[in-house]
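Student: have a look; sequence and predicted model below, questions after that.
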Amino acid sequence: MPAKKMLVTTDLSPESETALDAALELAEALGSGLTLLHVLDFSMALPAGALILSPQQDLNMRGEIREKVLATLERLKDARLAEKGGKPVPVETVTVEGAGVAHSICSYAEEHGMDMIVIASHGRTGLPHLLIGSVAERVVRHAKCGVLVVPTHERS
């Protein structure tokens, strides 16, 4: 079954842009639409001595961050589509808030009937991989649709 609805994820790093480039090529070839997703994870603990916000200040801060991230996603989308030329690919930009990035990606894909997830592999190895794990690895294990992992490291 062709992938008509594709979800491409970004953490806004230069490495994750490789997944967007691959997804745009694939979407053009398949005549698919894309959803460009960024997960806002506000669950990280505050450092000792950090300013504690009131509930309203916290809500306002999250809203400001969401707006800035959406504007960044729109600029990224527009820049990539302008560079690409060719047949236009419909791209929607979305943010979701979630405590676990991989879980949020998989949940969004399932809830919105995505046929495929395209995600970059940041290529962590050794201790950083053991300590941090891999979002791409967890998405591959838990997604209910196909997952294309785009390598970001140079091949030798």
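Tutor: Looks like it came in fine.
Student: got the contact list for Ile65?
Tutor: Counting by Cβ atoms under 8 Å, 6 or more residues apart in numbering, Ile65 makes contact with Leu40. All C-beta spots, glycine's among them, are computed from the backbone N, C-alpha and C.
Student: can you check Leu34 too?
Tutor: Counting by Cβ under 8 Å, 6+ apart, Leu34 touches Met6, Leu7, Val8, Ala23, Leu24, Ala27, Val89, Pro90, Val91, Glu92.
Student: so it is in which element?
Tutor: Following DSSP states H and E, the helix or strand that holds Leu34 is strand 33-40.
Student: what of Arg66?
Tutor: Assigned by DSSP H and E, Arg66 belongs to helix 55-84.
Student: in that helix, what counts as buried?
Tutor: Buried positions in helix 55-84, judged by neighbour count with 16 or more other Cβ atoms under 10 Å: Val69, Leu73, Leu76, Lys77, Arg80.
Student: using JSON lines, lay out the residues you listed together with pLDDT.
Tutor: As requested, the buried residues of helix 55-84 are exported to JSON lines (pLDDT from 0 to 100):
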{"residue": "Val69", "pLDDT": "94"}
{"residue": "Leu73", "pLDDT": "95"}
{"residue": "Leu76", "pLDDT": "92"}
{"residue": "Lys77", "pLDDT": "91"}
{"residue": "Arg80", "pLDDT": "87"}
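Student: returning to what we had before: direction included, what does the strand holding Leu34 pair against?
Tutor: Taking DSSP bridges as the criterion, strand 33-40 forms sheet pairs with strand 5-9 (parallel), strand 91-97 (parallel).
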